[in-house]
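K.L.:
Sequence and predicted model, in that order:
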Amino acid sequence: MATITYRTTDEKKEKLTALASEQHLSVNKVLDELVTIAITERDAFARFQARANRGDAENALNVLKSKALN
């Protein structure tokens with residue numbers, strides 16, 4: 001397991017500590033969950049972007065137009 005040093009303001013630390021306490025979690029666990037969410041969102045965006053780059057925009061528009069007429 002890796003260790004990361006995170007520097008922040010005293011105000012943010014207090015708010016983070018309060019958030020962790022409200023959720024009955026450690027500050028470390030809250031940060032780990034937030035990082036997991038950020039990484040998951042980035043990976044999902046990258047996957048969708050790759051799919052969009054492989055797609056055929058003209059064909060997609062034709063499909064949408066044909067469905068709109070029904």
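P.N.:
Structure received.
K.L.:
other SSEs contacting the one helix or strand residue 44 maps to?
P.N.:
Assigned by DSSP states H and E, residue 44 falls within helix 27-54. Packing partners of helix 27-54 (3 or more C-beta pairs under 8 Å, 6 or more residues apart in numbering; DSSP states H and E): helix 10-22. For glycine as for every other residue, the C-beta is placed from the backbone atoms N, C-alpha and C.
K.L.:
Just the residues contacting the helix it packs on, thanks.
P.N.:
8, 26-27, 29-31 (C-beta atoms under 8 Å, 6 or more residues apart in numbering).
K.L.:
Just want the angle from it to helix 27-54.
P.N.:
Put simply, helix 10-22 runs at 100 degrees to helix 27-54, going by axes from the mean of the first three to the mean of the last three C-alpha atoms, to 10 degrees.
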